[in-house]
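>>> sequence unavailable; structure follows:
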C-alpha cells in the first residue's frame, strides 16, 4: 500500500514538473500573436509602415527577440529595445531607409539613404562642437573638423565648402584638457547617446531621439499594459513619427549654439555667478537642467510654426557630407521664403532643395505647417515688380549687407566667461563620447568637471561679419578660464586662459541666428551709437581684475581702439568690423540723430535755390546751435 502511494505521488510530481512548459506552450499557442500576446493594446508603430510591410504585426523585424518563445525571459533574448540607436540601425532602420534596404529602399522628400546620411550629419558626429573646443583651447591649429565621436569617412570623394573627407575618433580624456572636457561634460547631445540622467531631460539615442516622442516627465502614456506608468525614461507612446514638435528638439537644443531652441520658444537662462538675474517677466521655472525665465518668443513660434516647418530633411539628416560647422549643413535662409529688397524668394534652400510645404495660390505664397496643416500667408519684401528697398523697414541700400536678423532679432542670450575646474582625482560618471545605448553600458571618463558661468545676459547682440560677408549677431561661447588639479592634488593650472594658433585669446565670439526674430527691429542707435554692438565692448560691464580674471578687457570686446582683434572665433571666415567700417558707421550715426529717414527717401522737393554750399551752411548753423545748447546745460 505504501509503495502504491509512493508511485502515485511520484506520478503526480512528474505531471507537475511537465505542466508549466505545457501550460506555457498552450498560452503561446492560444495567443498566436507573438509579441502582441503580452503587449496587448500597444499602439501601431506607424501606419505607413504597417501598410507597407505589416510593421504592426512584425515586431521582430525591428526589435528582434524571439516572438514565438513561451516565456518573457526567452522572448527577450536578443531584444533590441531601441531599434533607432545608431549602433544597430544598419540592422533595423537600414532595412528600409538605406541604399541596401532588405525590405524597401525609401525615398522621402526626394532624399534617399537616410541612414548613410544621418551617421555623417553634425547631430551624429558633433564635429563642430569638438573642432571649436579643441581650436579655442589650442589643441588643434585649424577650425575645421578633425575628430568626431566616431571615426567615419565621406560617402564619396566630393567635399563641398565646409566639409571634410574623414573624421577620426575623438582622443581619450587623458590626451588633453579639451578632450577631457568634451568626454566628461560637453558631449551630452549627439545621436550616439541617450540622456536620461540630466534632470528634466529624457532622450533616446539615434533616429529615435527625434522620431520617438517623450514627455517632460519621461512617463509612458501608452496603452501597453506591460509598460510601467510610474517609471521615468519611457517614450510617451509606441509610435514613430515624422511630425516632430519643437518640444522634442528642445531635448538637445537647450544649451550651446546660442541656446537657439530656448530662445525660439521664449525661454532664457537666468543663473550665473556674478551678474544679477534679469527677469523681464516674473515667471522663472526649472527645466532642461537650468533655471529659466520667460522672454518674448520668436515671431514664427508665436504664429504656430515648429522647427521642421523651416528646416528640411537635409538640414536635419544631412546630405552625406561631413561638415565642420552647422552653417554649412543648414541651408534655410530668411530670403528663402521672404526674398530680399531686390529679388523674389525662390523657396529653395541655399543648396537648391525645394521647400515642399510651400504652395502658391492665386499668386500668394502660403506655408503649410507640417504638424497641424495650418496655412500661413508668407509676407514678401519683393513682389517681382517693385524694388522694395525704399520701404521704411529696409531703410537704404547700405543695409543690403545686413542679415535680416541683424536688425529683426530681439535680445540674444549671452554667456560670458565660464570658470572651469578639472579634477583628475575624480571621475566623470559618463564618457559622453562613448555614450549610452544599445549594447553600450555607461562608462566613466577620467577627470571630473565643474563649470560656473560668471555672466548671463539677455540683451542686444554684438555685431560682426559672418562667412557670407554680412553683418550678423555674434554671441559668446567657450570663454573659458581653467583650473586643473592633477592626480596628486597639485594645481597645475590656475585661472588659465588659452591662446589660439592665431595668437588671440581663446575666447569665442561667433555669428548666430538667434531665433528671436520679431516684426520690430532694433533701433538705429542700438547699433550705430553702441560701442558694444560694434565690438568695442561695454565700459563698466565688468572689471576682470576685481574677480581675479587673467585678462584686462570687457568680455564683450572684440577689438581694441586701434581696430586690432582681441578675441578669436571657432568659425572660419568670420571677423569683427574693421577700423574703416567703424569709421563709416560712426559717420552715419552723426546723421541719424536728425535724419530719421534717409535723404534718398525724403519726399520733400528741393528748393530751386538749394545748393551744396547752402546745405553746408545749414548743417554748420545746426551744429553751432546744438553746441550752444550743450554749453548752456
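Now that the structure is in, tell me what you want to look at. A quick note: this is a predicted structure, and the numbers were derived from the prediction, not measured.

>>> from what I can see residue 588 touches residue 529, true?
No - using C-beta atoms under 8 Å, residue 588 is not in contact with residue 529; the gap is 10.3 Å. Backbone N, C-alpha and C define where each C-beta goes, glycine included.

>>> show me the helices in the stretch 251-400 of the chain, by range?
Counting by DSSP state H, counting those that start in this stretch, residue ranges of the helices within the stretch 251-400 of the chain are 260-265, 299-302, 307-310, 313-317, 326-329, 334-338.

>>> typo on my end, it should be the stretch 451-600 of the chain
525-528, 579-592.

>>> would you list those helices in a markdown table and tack on distance to residue 292 and mean neighbour count?
Converted to a markdown table, these look like this (distance: least, C-beta to C-beta, whole Å; neighbours: other C-beta atoms under 10 Å):
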| stretch | distance to residue 292 | mean neighbour count |
| --- | --- | --- |
| helix 525-528 | 25 | 17 |
| helix 579-592 | 35 | 14 |
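
>>> need these in CSV (columns: mean pLDDT and distance to residue 62).
Listed next are those as CSV, based on pLDDT from 0 to 100; distance: least, C-beta to C-beta, whole Å:
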stretch, mean pLDDT, distance to residue 62
helix 525-528, 88, 53
helix 579-592, 82, 56
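
>>> residue 338 is nearest to which of the ones you listed?
Among the helices of the stretch 451-600 of the chain, helix 525-528 comes nearest to residue 338, with 20.9 Å by C-beta to C-beta.

>>> now do that closest one: distance to the chain's middle.
29 Å (C-alpha atoms, centre = their mean, to the nearest Å).

>>> how far off centre is stretch 410-430?
Its chain's average C-alpha position is 18 Å from that of stretch 410-430, according to C-alpha atoms, centre = their mean.

>>> same question, stretch 561-575
For stretch 561-575, the distance to the chain centre is 23 Å (C-alpha atoms, centre = their mean).

>>> stretch 37-50 now?
32 Å.

>>> check stretch 136-151 too.
Relative to the chain's own centre, stretch 136-151 is displaced by 19 Å; criterion: C-alpha atoms, centre = their mean.

>>> buried set for that stretch?
136-140, 143-150 (16 or more other C-beta atoms under 10 Å).

>>> try stretch 429-441
Using 16+ other C-beta under 10 Å as the test for burial, stretch 429-441 gives 430, 431, 432, 433, 434, 435, 436, 437, 438.

>>> distance between the ends of that stretch?
12 Å (C-alpha to C-alpha, to the nearest Å).

>>> mean confidence score for it?
Taken as a whole, stretch 429-441 has an average pLDDT of 94.

>>> and the residue most central in space within the chain, what does it touch?
Among the residues of the chain, the one closest to the centroid is residue 253, at 4.1 Å (C-alpha atoms, centre = their mean). Contacts for residue 253 (C-beta atoms under 8 Å, 6 or more residues apart in numbering) come out as 189, 259, 260, 261, 262.

>>> repeat that with 10 Å
When contacts are counted by C-beta atoms under 10 Å, 6 or more residues apart in numbering, residue 253 touches 189, 246, 259, 260, 261, 262, 263, 264, 265, 288, 307, 515.

>>> just the residues you listed: which has the poorest pLDDT?
residue 288 (79).

>>> so how many other residues sit close to that one?
For residue 288, the count of nearby residues is 23 (other C-beta atoms under 10 Å).

>>> from residue 145, how far out is the spatially closest residue to residue 39 that is not a sequence neighbour?
Excluding its sequence neighbours, the residue lying closest to residue 39 (C-beta to C-beta, 6 or more residues apart in numbering) is residue 224, at 5.1 Å. Here residue 224 is placed at a distance of 41 Å from residue 145 (C-beta to C-beta, to the nearest Å).

>>> just put the helices of the stretch 251-400 of the chain in JSON lines and tack on mean neighbour count and distance to residue 401.
Below are the helices of the stretch 251-400 of the chain laid out as JSON lines (neighbours: other C-beta atoms under 10 Å; distance: least, C-beta to C-beta, whole Å):
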{"stretch": "helix 260-265", "mean neighbour count": "23", "distance to residue 401": "23"}
{"stretch": "helix 299-302", "mean neighbour count": "16", "distance to residue 401": "23"}
{"stretch": "helix 307-310", "mean neighbour count": "22", "distance to residue 401": "23"}
{"stretch": "helix 313-317", "mean neighbour count": "22", "distance to residue 401": "25"}
{"stretch": "helix 326-329", "mean neighbour count": "22", "distance to residue 401": "17"}
{"stretch": "helix 334-338", "mean neighbour count": "18", "distance to residue 401": "13"}
